[in-house]
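Colleague: Fold the following and give me the result.
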Amino acid sequence: MKGTAARAAEGHGRKGRGSRKLADMGPRVTLAFGGFAALTVAVGWFLLSSQVAHTDVQTAVSESLGAILIAMIVMSVIGAIRRGGTDK
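Modeller: Okay, the predicted model is just below:
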């Protein structure tokens, strides 16, 4: 009879809540991650534009909205490549 460590190494061990992979968590996690990434890009671009380049607030906001658009396009292309280009 094998020990617990040997069974777990073969994949026969109990799986806890923390064993789920990010890819298996569903579209809500993907949407939340994408939204967080877009928000991070927008805030970073706004701070870079307004604080470092010393642009006015209106220009910095419009540039950060453009950065969100670019980030979403890049994430969309990456998602299409990962899915293999098929609609399921």
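
Colleague: Checking H54 next. Helix, strand or coil?
Modeller: With DSSP: H, G, I helix; E, B strand; the rest coil as the basis, H54 sits in coil.

Colleague: can you count the residues close to it?
Modeller: By the measure other CB atoms under 10 Å, the count of residues near H54 is 8. C-beta coordinates here come from the backbone N, C-alpha and C atoms, glycine included.

Colleague: what are the phi and psi angles of it?
Modeller: Per-residue torsions, H54: phi 60, psi 40 (degrees, to the nearest 10).

Colleague: Count residues in the vicinity of L39, would you?
Modeller: Around L39 there are 13 residues (other CB under 10 Å).

Colleague: Who are the contact partners of it?
Modeller: Neighbouring residues of L39 by CB atoms under 8 Å, 6 or more residues apart in numbering: I68.

Colleague: give the contact list for A60.
Modeller: A60 neighbours (CB under 8 Å, 6+ apart): 45-46, 49-50.
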